[in-house]
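A.B. asks: show me the folded form of this:
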Amino acid sequence: MSNLQKMIRSWRTGYRFISPMISIQINNTQRVMRNYSHNNIEKDIKVAPVATEHEDHQYEENVKNLILEHSLQFVSKSGWSVESLSAGAKAAGYPTITHGLFPNGGGDLVHYFNIKCNEQLVEQMKTWPKENVKDKVPAQFVENAIITRLLMIEPYKDTWPKAMAIQTMPNNVPNCLATLLSLVDDICYHSGDRSVDFNWYVRRVGLAGIYKTAELFYLTDNSQGNTATRNFVASRIRDAQLVQTALNMNPVAAAPQTLTAAFVTAKNILGINTLK
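C.D. replies: Numbers count the residues shown, from 1 in each chain. Below you'll find the predicted structure:
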């Protein structure tokens, strides 16, 4: 055990004061140490709280997020790579070797970016007007959400094909699908969708397909103001509305149970249920 480890263990165990001249009593509730000297003058000395395992974990997560955030500025030069992570660590004030905190390398950087964009989209959608979507696809809301999310890729558009390739690697597939499922679920939820029937599955499966095809289309779109991508998304949503109408007219009794089982099985196999 290194000296640093011994110091940390001693620190976690608590503070121990030894003095033949002073009697010490600790109030655990207020974390205040009572100090009685020879002249019986009572003094309060605040004791630093002992770090918990949760706090240690949170500290590490904060460091990692700080490094990842700084790493994004190097993506245009070094791509979604370990080199960007090393440069990000240095920019954040940590040794370049700190990139070892990210076992999936560039995959962890892509995952961080996806989570960050999803969170930003949610904050924006909270301010958008909602539709009554009990029996229909909220076309305009969904279209705006997809376009807004796609445009977040704009600063990294040239490097995004590589990011998409990284996400298909076995170690990165669970995170990729987790963020995609989170994205489509957030869009449906904030659009006002509160369905608990077959429509719940149809909308999310359909929206996931629309987003991924739109993402591919967007990477090749050189039109002014991304007009071609907007038209593409609008067209796919109209197709989804037709599918929704057909399913409402011809419901299949066993379909919800079957699709539910497929979702759960796929998520279990990929380990998505264990991801936060």
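
A.B. asks: pLDDT weak spots in the protein?
C.D. replies: 1-51, 130-137, 196-198, 242-276 (pLDDT under 70).

A.B. asks: ok, P95 - contacts?
C.D. replies: A89 (Cβ atoms under 8 Å, 6 or more residues apart in numbering). Where you see a C-beta, it was placed from the backbone N, CA and C, and this is true even at glycine.

A.B. asks: kindly report the domain assignment for the chain.
C.D. replies: Here the domain parsing of the chain from automatic domain parsing is 3-51, 54-102, 104-274.

A.B. asks: gap between the two ends of the second one?
C.D. replies: Start and end residues of domain 54-102 are separated by 20 Å (Cα to Cα, to the nearest Å).

A.B. asks: the chain should start at 28 in everything you say after this.
C.D. replies: Done: numbering now begins at 28, and the last item shifts to domain 81-129.

A.B. asks: the closest residue to T195 other than its chain neighbours: neighbour count?
C.D. replies: Excluding its sequence neighbours, the residue lying closest to T195 (Cβ to Cβ, 6 or more residues apart in numbering) is C203, at 7.5 Å. By other Cβ atoms under 10 Å, 21 other residues sit near C203.

A.B. asks: same thing with P188?
C.D. replies: Neighbours of P188 (other Cβ under 10 Å): 12.

A.B. asks: what sits against R265?
C.D. replies: Applying Cβ under 8 Å, 6+ apart to R265 gives the contacts A166.

A.B. asks: please confirm that it is located within a strand.
C.D. replies: No - under DSSP: H, G, I helix; E, B strand; the rest coil, R265 falls outside any strand and is assigned helix.

A.B. asks: for L177, see how far away it is.
C.D. replies: According to Cβ to Cβ, to the nearest Å, R265 and L177 sit 18 Å apart.

A.B. asks: about what we covered before: so the residue nearest to T195 makes contact with A192?
C.D. replies: No - if you go by Cβ atoms under 8 Å, C203 and A192 don't touch, sitting 11.0 Å apart.

A.B. asks: ends of stretch 118-135, how far apart?
C.D. replies: 18 Å.

A.B. asks: what residues sit buried inside it?
C.D. replies: 118-119, 121, 125-126, 129, 132-135 (16 or more other Cβ atoms under 10 Å).

A.B. asks: could you do stretch 230-239 as well?
C.D. replies: 230-235, 237-238.

A.B. asks: tell me which of the residues you listed fall in helices.
C.D. replies: Here DSSP state H is the test, and the buried residues of stretch 230-239 give 230-235, 237-238 as lying in helices.

A.B. asks: any idea which helix or strand carries K143?
C.D. replies: Here K143, judged by DSSP states H and E, is contained in helix 133-152.

A.B. asks: helices or strands up against the next helix or strand after that helix?
C.D. replies: For helix 133-152, the following helix or strand on the C-terminal side (DSSP H and E) is helix 166-178. With contacts taken as 3 or more Cβ pairs under 8 Å, 6 or more residues apart in numbering; DSSP states H and E, helix 166-178 sits against helix 133-152, helix 200-218, helix 225-246, helix 254-276.

A.B. asks: hmm, 6 Å instead?
C.D. replies: If you count contacts as 3 or more Cβ pairs under 6 Å, 6 or more residues apart in numbering; DSSP states H and E, helix 166-178 packs onto helix 225-246, helix 254-276.

A.B. asks: of these, which stretch is the most buried?
C.D. replies: helix 225-246 (a mean of 18; mean count of other Cβ atoms under 10 Å).

A.B. asks: packing partners of that one?
C.D. replies: helix 166-178, helix 200-218, helix 254-276, helix 282-297.

A.B. asks: now that helix against helix 166-178, angle please.
C.D. replies: 40 degrees (axes from the mean of the first three to the mean of the last three Cα atoms, to 10 degrees).

A.B. asks: how big is the angle separating helix 225-246 from helix 200-218?
C.D. replies: Using the same axes, to 10 degrees, helix 225-246 lies at 110 degrees relative to helix 200-218.

A.B. asks: got the CA positions of helix 225-246 in CSV?
C.D. replies: Once non-C-alpha atoms are left out, helix 225-246 reads as follows in CSV (Å, rounded to 0.1, in the frame of the first residue of the first chain):
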residue,chain,number,x,y,z
PHE,A,225,-49.3,-0.4,-29.3
ASN,A,226,-48.8,3.2,-30.4
TRP,A,227,-46.0,3.6,-27.8
TYR,A,228,-43.9,1.0,-29.5
VAL,A,229,-44.8,2.0,-33.1
ARG,A,230,-43.8,5.6,-32.5
ARG,A,231,-40.5,4.9,-30.9
VAL,A,232,-39.4,2.2,-33.3
GLY,A,233,-40.5,4.3,-36.3
LEU,A,234,-38.9,7.5,-34.9
ALA,A,235,-35.6,5.7,-34.3
GLY,A,236,-35.5,4.6,-38.0
ILE,A,237,-36.4,8.1,-39.2
TYR,A,238,-33.7,9.7,-37.1
LYS,A,239,-30.9,7.3,-38.3
THR,A,240,-31.8,7.6,-41.9
ALA,A,241,-32.1,11.3,-41.6
GLU,A,242,-28.7,11.4,-40.0
LEU,A,243,-27.1,9.6,-43.0
PHE,A,244,-29.0,11.9,-45.4
TYR,A,245,-27.9,15.0,-43.5
LEU,A,246,-24.2,14.1,-43.9
